[in-house]
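Visitor: Return a 3D structure for these sequence lines:
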Amino acid sequence: MHIYNIHHSPSIVQAAIKNNVNRAILVHTTGIYSNFKYASQGYKDVERKVSELTSNLDCPTKVTILRPTMIYGDLCDSNMSKFIKMIDKLRIMPVINRGKSLIQPVNARDLGKAFYTVLMSPDKTAGKAYDLSGEKPLQMIEVFKMISNSLNKKTTFVSIPLGFGVVLAQFAKVLTLGKIDYVERVQCMGEDRSYPHAEAKKDFNYSPMSFEEGIQIEVNQYLKK
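Guide: Below is the predicted model:
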């Protein structure tokens, strides 16, 4: 099971084939589905290389690809923990396009269970790919309000047009002669990032917890600390 860095996947698979390993599980990302090249092209290249390596009918290694969505669940994550800190500190918080874009964060606890189940179910999962998302899609503004309520804070959310954020990013790019280029990253903030997990539910009974339950656990860790 390869979990550390998606960009090493082709090397891992190549070594597995060379040593007649019959199975490899690769943890990748739903970032591959982004409409923006900056966010997705590298992931597409990795999966294309993996597919080329394993396309031979005589290949001894069966690959399973797992693609989590935005991962949260502990203060060391780089996603929800940042939002928790911001909402705790700010009484007025900007959101892009009224926070209408959809996300489907997945709790690390659910991923751990899924990884183990896939590992123990080779007959059902070998040679397949699964998206691993949270219980249901949520608007960003819903996520922010749940965090605010869990913190018992009264936060005012102010909508910032996506176009304005993109202009600021373009301005920064020009000023720094291209050294700071966040244009596509800002554009991604207006993109829906929710993906169904029906195949995972069908093949190994994947059933993630609700975001309300998961974020409360993380907020409680934050408050305790």
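Visitor: buried residues in the helix ranked longest in the chain?
Guide: In the chain, assigned by DSSP state H, the helix with the most residues is helix 37-54. Using 16 or more other CB atoms under 10 Å as the test for burial, helix 37-54 gives Ala39, Ser40, Tyr43, Val46, Glu47, Val50, Leu53, Thr54. The C-beta positions use only the backbone N, C-alpha and C, and glycine is treated the same way.
Visitor: Which residues does the strand or helix carrying Gly165 contact?
Guide: Assigned by DSSP states H and E, Gly165 belongs to helix 162-175. Here helix 162-175 makes contact (CB atoms under 8 Å, 6 or more residues apart in numbering) with Ile96, Asn97, Ile180, Asp181, Tyr182, Val183, Arg185, Val186, Gln187, Met189, Gly190.
Visitor: per-residue confidence averaged over it?
Guide: Averaging pLDDT along helix 162-175 gives 84.
Visitor: With just CA atoms, put the next helix-or-strand element following that helix into PDB.
Guide: Per DSSP H and E, the first helix or strand lying C-terminal to helix 162-175 is helix 183-188. Extracted C-alpha coordinates of helix 183-188, given in PDB (Å, rounded to 0.1, in the frame of the first residue of the first chain):
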ATOM      1  CA  VAL A 183      -4.300  32.500 -10.500                       C
ATOM      2  CA  GLU A 184      -5.500  28.900 -11.000                       C
ATOM      3  CA  ARG A 185      -5.500  28.200  -7.300                       C
ATOM      4  CA  VAL A 186      -8.000  31.100  -6.800                       C
ATOM      5  CA  GLN A 187     -10.100  29.900  -9.700                       C
ATOM      6  CA  CYS A 188     -10.300  26.400  -8.100                       C
END
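Visitor: name the helices or strands packed onto helix 183-188?
Guide: Judged by 3 or more CB pairs under 8 Å, 6 or more residues apart in numbering; DSSP states H and E, helix 183-188 is in contact with helix 37-54, helix 162-175.
Visitor: Could you export those helices as TSV, including distance to Glu142?
Guide: Putting those into TSV (distance: least, CB to CB, whole Å) gives the following:
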stretch	distance to Glu142
helix 37-54	22
helix 162-175	18
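Visitor: Name the residues of the worst-scoring helix or strand of the chain on mean pLDDT that come out as buried.
Guide: For the chain, the helix or strand with the lowest mean confidence is helix 183-188, at a mean of 72 (criterion: mean pLDDT, DSSP states H and E). By neighbour count on 16+ other CB under 10 Å, the buried set for helix 183-188 is Val183, Glu184, Val186, Gln187, Cys188.
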